[in-house]
Structure formats: C-alpha cells, structure tokens
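Visitor: no letters, just coordinates:
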C-alpha cells in the first residue's frame, strides 16, 4: 500500500488540466518498471516460499519416520528377547523352582526391559500357584522378586490363553515402577501342546519421552503418540490449532500406536517473511529513485514536444480540425507534426467509415439471427420417448442437418453434413432437409431416397457443394432397419450386448455425380437395441492441446453410458465434448441423433 500511496502523491504533483507529455511518459515508464519489478519479486517469493515450505515438510516427515523406526525397533528387540526366552520355558516346567534362573538373564542383557514374569496356569500344577515376577529396583543392578496375585483374572492372561497369540498390552501405570509402561505377552505351551501359562516382559515408556525430548521442539511444534483407542500415550510441546499447522502421522505398527508431529505454518514461513520485508524496502527505495530520475531526464528530452500537447489533447477529444503548430525545422518534430496532421485526416475518415461499417454489421447480425431462428425452426423439436436429436451450429447458421417422420408404423430418419459453413451451407441444409421429408412421404426405400436426393442436389450445383448423410427406415413393428450411407460417419450400434461401430457400405456423397448408384443394407434390431448417429463435428472437436475428440473416445463414452436412454446418451456426449474442448471455439457443426427400438413386448410392459 505504501508503494501505491507514494506513486499517487507523485502523480498528484503534476495533475494539471493539460498534463505534459514528459510527465505522462515518466509516470508510464516508472509504473511499468514498478509492475515488472513487483511481478518479478512476487514470482521469486512464490517459488522460494514453496521450496522452503517443501523442505520443511520433508524434514518433518523424515523426523517423524526416524522416531517411528527407532521406537518400533526397540519394541521389536523386546519381542525377540521375549520370544527367545519363552521358547525355553517348557524345559523349566518340570523344574518350576529353577525358573528364576531363566528370568534373571533377560534383565541382565536388556536394559530396556523393566521386568519379566512367567504366570503358570492354575490348572497346570495341582494345588500350586506359580507366578514369579522379577523387576528392577531404583538401585541400579538390583532386582526384586515378587509373585503376581490372582493373575488368572487379568485381561492380559485371559486374552493370551484364549487367543494363543502374542500381543502388546495397552499402556498403563505400573504398580511397582509407578511409570507408564506396556507388556509383551506370549502364551507358553508344553511339549505336548498343552497351555502352560503366559510369559511376559515389561517395557517402560520413559525412554520414548527421552528420545523425543532430545529433539529441540519450538513453541510452534507438537509431538504426540496415541494408542489404538485414541488415548494419549506421550506428548511433547503444546497443541496447535488445525488451521495454522501442518500435521504428519505414521503408525508404529507392532504396538498399534500412531505418532503425530504438528508444525506451525508461521514457523515455516518466518524466513520468507523476513526476505519479503527486505525486498519490499529495497523496492520502495529503488522505485522512488527511479521515479525522480525519470522525471528529470524525460522532462529535458521531451520539452520541445510540449507545444504539441494541447493539439494532441484536442484530437483525442474528437476535434479533428484542430490547427497544429507550424514547424520550420526539418527533424523529428517535423515528422511528428506531419504524423499528427495525417492522423487527423485518417481518424476523420476512419470514424465515418466505422459508423457505416457498424450499421452494416448490426444489420447483418440481425439477419443472421433471423436466419438462425428460421433454420432451427425447420428442425423437429418434439420427439417420441424412444428418439432424441440435437444440433449445435458452429456459427450463427450451420450446415449439419437431421430430420425424421413416422409413416405407416415406420420411422424415416436422416442425419447429414453439408460441405462448408455459414449461410451457403445452411441453404443446402434447408434444401436437403425439405427434400428428405418430401421423398420420405412417398418412398419406402432408403436407397431410392438417397438416389433422389443426389439427383436433386447435383443439378445446378456450380459451387460443387456436396452432402454426406446416413438415411434409414425402421419398421417399428418388426424391428427391421434398412439404411443407406452416403459417405457419412458410421453410426454406433447397441446390439445384443455389443456396442460397436456399424460395418456399413459407404456410397458416394450426394451432389457430386448425378448418375451415382446407392446401395442399401439392413439389420434386424431386437427390443432395447439402440442406434447413435453423429457428424464429424463431434469426433473432430479439439482441445487446447490440439488433440481430436476421436471416434475411440466417443465409442468408450457410449459403452460406459449404455444404460442411458437416447436423450440421456446424447446429452452426456454433448457435455463431454464441451468439457473436452473448453476454452476452444467450436470449429464445426455438432449433431447427434439416437433412437432405441422398442419391441411389442417392451411396449406392452
């Protein structure tokens, strides 16, 4: 804001009824320079900010993974120690009094383990309860041996006995250690496979807090570990709001916990804010110096042009007869005077021509709008429930066409594309559409209709316009479809669970050779079969990369939307073509025509 305020103050100093050319030039030059410098600074800050933020995010993710790996490895070591020790316990079942000899080495060799216990099932020895628990004391190197009372009622014992699997318990505060800890429990079986008891080791969680606290955590970072129930196990730092922080999580899989690190966005973006402030100060200073220097230099160089300032202002206000000052020197000022004089005459002529052109253009646009309205009114707008068609012209009026009529329980239809665009193509389109309806009222054969259309269009055709079309006759009772293709795109056939392009014989386009012969073909449709016809405006639509919509994309879309009725299918294709070519001008007419054959059984149902 300070930059634009300074710029406004400087402009206000020179704000006179007839601002000098030198002032305008200096202000324009300074303004453009400021815009370029500001854009360059903004782009630089943008990329630097995102690079620094990316590095900070990667660092946080890496730190999280380091913590998770170290914690996971410590628990895995405890698991291996417990499994190795428990695998030997069945040898001591015959000599229960010697079990202590197996428990002590576990603590001697593993500092991370606080205590070790073996709770023998009460059903294993008659009238004898054995549950030795050896744990560390506050004095380093000394252990205390106790017995676990009523262990058979504990959840960890019952779970190990019934599941037969090893597991980590949920975190709890130990009665002996008075510290948060977790146990790894392993069910033990004797040589005959009988359940003997549960072997377990205790691991305190103090070392996790020490591990996390070794990392310097600022007031804008937060570390937290929760168990599988979402209860907090350990946290470090102060919680942050979700809106102002980045959160990273990773599972500690062997114990079922989740570790989270939250980093403040303010902490991440602090260096870039300092850099932004420094660049802003330099920008303001440089812009001020540039503005003053430009004003002085341009004022001296452009002083002779001041005499033309008032004349130029008058011309810009529309007074093209303003008298220009005389110039006796034969230099750039003379050239400027001649240019202004020429501009006066050219502008006067241009304005006169522009008025005439604008009036003609307005009249032409009105005529094109009327022609468009007439053309669209020639197309059918009401469709039976099994048929639908749509035409989007590329210009005000287009050269695509479709039409249909129902006579004697037969559907006569046509879809076509006239060569060229604009008004000439629209006239051929109108003629072809009317000729089709006229012929379809009297001729049942699509091949004969095609021959008649070709004969009529070939006569008096000096511009060599031609029309490609697909014409057909569907017997609404039997489902027999007879058709003739005059150089048009083959339709897509939905028939017997197959969706593919029809294999049609291609005849010559109409309007080229008067005596051309047109061969027709036929296919038997079943109830629910569907036909989709289109013009090349669909498949040749382009996107911003210059790629065509293509027949393969159209076929894939038809296959994925085979469940739609004819109207739904046509509308989905139109929407997909529009999305594909968004931002591009439609360069050809786009027409779609589809119908679904309904058998007598379908109509009854």
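Guide: Received, thanks. Predicted model only: the values in this text are computed from it and were never measured.
Visitor: any idea which helix or strand carries residue 573?
Guide: helix 566-580 (DSSP states H and E).
Visitor: one more: residue 283?
Guide: Using DSSP H and E, residue 283 falls in helix 265-301.
Visitor: other SSEs contacting whichever helix or strand comes after that helix?
Guide: Under the assignment DSSP H and E, the closest C-terminal helix or strand after helix 265-301 is helix 309-316. If you count contacts as 3 or more Cβ pairs under 8 Å, 6 or more residues apart in numbering; DSSP states H and E, helix 309-316 packs onto helix 332-378. (C-beta placed from N, C-alpha, C; glycine too.)
Visitor: by how many degrees do the next helix-or-strand element following the helix holding residue 573 and helix 566-580 diverge?
Guide: Next helix or strand after helix 566-580 toward the C-terminus (DSSP H and E): strand 590-596. Counting by axes from the mean of the first three to the mean of the last three Cα atoms, to 10 degrees, strand 590-596 lies at 150 degrees to helix 566-580.
Visitor: residue most distant from the centroid, the protein?
Guide: In the chain, counting by Cα atoms, centre = their mean, residue 127 sits farthest out from the average C-alpha position, at 71.3 Å.
Visitor: I'd like to know which elements the host helix or strand of residue 156 is packed against.
Guide: Per DSSP H and E: residue 156 is located in helix 155-163. On a contact count with 3+ Cβ pairs under 8 Å, 6+ apart, helix 155-163 meets strand 180-189, strand 195-204.
Visitor: shaky segments in the stretch 101-250 of the chain?
Guide: Filtered on pLDDT under 70, the stretch 101-250 of the chain yields the residue ranges 177, 215-220, 242-244.
Visitor: ranges for the strands of it?
Guide: 113-120, 132-136, 143-147, 167-168, 172-173, 180-189, 195-204, 221-226, 232-237, 245-252 (DSSP state E, counting those that start in this stretch).
Visitor: in this protein, which helix or strand is least confident?
Guide: Using mean pLDDT, DSSP states H and E, helix 2-13 stands out as the lowest-scoring helix or strand of the chain, at a mean of 46.
Visitor: mind checking what helix or strand follows that helix in sequence?
Guide: Past helix 2-13, the next helix or strand by DSSP H and E is helix 21-86.
Visitor: tell me the helices and strands packed up against the next helix or strand after that next one.
Guide: As assigned by DSSP H and E, the chain's next helix or strand after helix 21-86 is helix 89-92. On a contact count with 3+ Cβ pairs under 8 Å, 6+ apart, helix 89-92 meets helix 100-109, strand 180-189, strand 195-204.
Visitor: what pLDDT, on average, does helix 89-92 get?
Guide: Helix 89-92 comes out with an average pLDDT of 74.
Visitor: residues of that helix that come out buried?
Guide: Under the neighbour-count criterion of 16 or more other Cβ atoms under 10 Å, helix 89-92 has 89, 92 buried.
Visitor: can you list contacts of that helix?
Guide: Outside helix 89-92, the residues within contact range by Cβ atoms under 8 Å, 6 or more residues apart in numbering are 98, 99, 101, 102, 118, 188, 189, 190, 191, 196, 197, 199.
Visitor: what's the closest of the residues you listed to residue 594?
Guide: Among the contacts of helix 89-92, residue 189 lies closest to residue 594 (Cβ to Cβ), at 71.1 Å.
Visitor: wait, doesn't that closest one sit right on residue 195?
Guide: Yes - between residue 189 and residue 195 there is a contact at 5.8 Å, judged by Cβ atoms under 8 Å.
Visitor: can you give me the end-to-end span of stretch 518-528?
Guide: With Cα to Cα, to the nearest Å as the measure, stretch 518-528 spans 29 Å from end to end.
Visitor: and it, which residues are buried?
Guide: For stretch 518-528, the neighbour count (16+ other Cβ under 10 Å) marks 518, 520, 521, 523, 525 as buried.
Visitor: in JSON lines, list these along with distance to residue 468.
Guide: Formatted as JSON lines, the buried residues of stretch 518-528 follow (distance: Cβ to Cβ, whole Å):
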{"residue": "518", "distance to residue 468": "12"}
{"residue": "520", "distance to residue 468": "16"}
{"residue": "521", "distance to residue 468": "17"}
{"residue": "523", "distance to residue 468": "20"}
{"residue": "525", "distance to residue 468": "23"}
